[in-house]
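J.: quick check, what structure comes out for this input:
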Amino acid sequence: MVRNPNLTKEILTALALCTNLRSMTWIDDSHTSDVSFLKFLAVVRKLPLRELTIRTHGDPSSEVWSQLMSIDGLEKVSLCCTEVPSRVLHDWSERLGSTLTHLELSVCISPVACLSDD
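T.: Numbering: from 1, shown residues only. From the prediction side, this is the model:
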């Protein structure tokens, strides 16, 4: 980001052109990733996304959960963070019940465990 302050904007512009994108993985080990993640979610909500993997050290904010719940047609969701708020998942499961075929929920103790692909 220091070398190219417009990097996020350029990535989002390119991502919006991926009209057949079916899967996205968001990996972030910062505690303040919500602002960036919300920008990505605004773009992918318009795409035919079917699979979403989120691996983050920090817990997604209420605003992030609200945006995630507005994505229609998700079939596979994988979430790994330091805490999974059950009340949010309850609302989300009601919304995704008709399309969801795979669900992976992991609570990680350390960022290394959460960010591992294993």
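J.: can you list the weak-confidence ranges in this structure?
T.: 1-4, 30-33, 83-91, 93, 109-118 (pLDDT under 70).
J.: cutoff 90 now
T.: In the predicted model of the chain, residues 1-9, 26-37, 39, 45, 54-74, 77-118 satisfy pLDDT under 90.
J.: what about the strands in it?
T.: Remark: strands assigned in the chain by DSSP state E are 23-28, 51-56, 76-81, 102-107.
J.: and residue 10, how many neighbours?
T.: Each residue near residue 10 was counted by other Cβ atoms under 10 Å, and the total is 10. For glycine as for every other residue, the C-beta is placed from the backbone atoms N, C-alpha and C.
J.: cool, and residue 106?
T.: A count of nearby residues for residue 106, using other Cβ under 10 Å, gives 13.
J.: find the nearest non-adjacent residue to it, please.
T.: Sequence neighbours aside, residue 80 is the residue nearest to residue 106 in space, at 4.0 Å (criterion: Cβ to Cβ, 6 or more residues apart in numbering).
J.: now residue 61
T.: Nearest to residue 61 is residue 34, by Cβ to Cβ, 6+ apart, at 4.8 Å.
J.: got the contact list for the one you found?
T.: 58, 60, 61, 63, 64 (Cβ atoms under 8 Å, 6 or more residues apart in numbering).
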